[in-house]
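Peer 1: predicted model and sequence below, questions to follow.
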Amino acid sequence: MPTPISIFPGDEDQNINFRLWLGILLPPFAGGINTLVGYMLSNYDCNVHNRHLVLLVNILSALLCVIAGITSYSTRGKFEDRADDNPESLLHTRRFMLYGGLAFTAGFLLFIIAGTTSTFLLHPCDL
């Protein structure tokens, strides 16, 4: 019977790739969750006049973005040190993914901060 494939890789190269992909894919996910759940909760906030849930969603989405940026940046030293035994194209690809993950983190973090700012500036029924 074949063994199931684990989502968390055991090899160090696969671990680096997993972290880089996590750094790229997690910020758009956090921004999407922030938008969708924020719009769903805005009707509830209008009826109850309580913004705590929207702020909680904004904070959790921002934390997801920060975690993605930290995860992506933590791989830098691992593949820079092992540059001797890896091909040059792999090093450039991983650098591109690292910088892409950091750019996505910064962009979607600004997106979430803009949504949080609108929560503070507008009335509950204007959202």
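Peer 2: That came in fine, so what should we check first? Numbers count the residues shown, from 1 in each chain.

Peer 1: now the helices: where do they sit in this protein?
Peer 2: Using DSSP state H, the helices of the chain run over 12-48, 52-74, 76-81, 88-121.

Peer 1: what is the first one packed up against?
Peer 2: In other words, helix 12-48. helix 52-74, helix 76-81, helix 88-121 (3 or more CB pairs under 8 Å, 6 or more residues apart in numbering; DSSP states H and E). Every C-beta, even on glycine, is put in place using the N, C-alpha and C of the backbone.

Peer 1: return the most buried member of those helices.
Peer 2: Ranked by average neighbour count under the criterion mean count of other CB atoms under 10 Å, those are headed by helix 52-74 at a mean of 18.

Peer 1: before we move on, the earlier item: ok, of the helices of the chain, where does mean pLDDT dip lowest?
Peer 2: Of all the helices of the chain, mean pLDDT reaches its minimum on helix 76-81 (a mean of 74).
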